[in-house]
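Undergrad: No letters, just coordinates:
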């Protein structure tokens, strides 16, 4: 299942992070949980955060069980709150003392509605978490990386919705992720002279228990087949398949990559919406 970190651990660790400190937002489940476990397996010290404290504790238990030698700190936080982010990074200073990697995984899409009826309070909440929250964490991380003078890596998570419309009422989510692409480029250019790399991974819909359940629902099956028709690979990526490119961009193997948006979408963005098979 996409929620199971063991999926990514079925092969040898491709990147080593021993001696490095990583902060992972959205670490309570899904992609963030997989990344937390994989970073721990690769030797990193971790500060994990999420607004869901109970599930965050579950992730910490999995990290402890994975056999990594590094330390793991947790702190619940709303990344869209400037005060929460300040407290989160103060906790980092007091415990792990540095940051080498920031993975901005946290994001929300709480409501789907047509644009003419999309409520502005929900719009503001989406932008506060998905865009402002990413900026707040990146800013706090970069301040510390700049002070140390040793650079670092920041990896954000976007969506195919940032590059082409999915319809389905995703206007708020799509706008936040489209803005995230430009934020990535601006931060990358500003901080490149200081050795701080900023990149974004852009996945298609990630396979989850909900998607698998809907595939068995006759009322949703046709709708889901339509989504799959837009992915030339014929399936959604798993959390593990999105995690590996993120780990690559976070690692020294990507030392000359910054300011890029990397699709992990099975060819979705390469496919024209009007493409059909020749009869």
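TA: Okay, I see it. Fair warning: this is a prediction, and the values are worked out from it, not measured in the lab.

Undergrad: Point out where the stretch 1-150 of the chain drops to low pLDDT.
TA: Where the stretch 1-150 of the chain drops to pLDDT under 70, the residues are 1-14.

Undergrad: can you pull out the helices in it?
TA: When secondary structure is read from DSSP state H, counting those that start in this stretch, the stretch 1-150 of the chain shows helices at 30-41, 53-65, 82-95, 120-127, 133-148.

Undergrad: so what secondary structure elements neighbour the third one?
TA: When you say that, I think you mean helix 82-95. strand 21-24, strand 45-50, strand 72-76, helix 133-148 (3 or more CB pairs under 8 Å, 6 or more residues apart in numbering; DSSP states H and E). All C-beta spots, glycine's among them, are computed from the backbone N, C-alpha and C.

Undergrad: Quick check: buried residues in it?
TA: Residues of helix 82-95 classed as buried: 84-85, 88-89, 91-92 (neighbour count, 16 or more other CB atoms under 10 Å).

Undergrad: for this protein, longest helix please?
TA: helix 171-191 (DSSP state H).

Undergrad: Quick check: buried residues in that helix?
TA: 171-181, 183-185, 187-188, 191.

Undergrad: biggest strand in this protein by residues?
TA: strand 196-203 (DSSP state E).

Undergrad: other SSEs contacting the next helix or strand after that strand?
TA: Read in the C-terminal direction, the helix or strand following strand 196-203 is helix 209-215, with elements assigned using DSSP states H and E. In terms of contacts (3+ CB pairs under 8 Å, 6+ apart), helix 209-215 is packed against helix 218-229.

Undergrad: Remind me what the helix it packs on packs against, helices and strands.
TA: By contact count (3+ CB pairs under 8 Å, 6+ apart), the secondary structure elements abutting helix 218-229 are helix 209-215.

Undergrad: separation between the residue nearest to residue 48 when sequence neighbours are not counted and residue 50?
TA: By the measure of CB to CB, 6 or more residues apart in numbering, the closest residue to residue 48 outside its immediate chain neighbours is residue 27, 3.8 Å from it. Distance, residue 27 to residue 50, by CB to CB, to the nearest Å: 5 Å.
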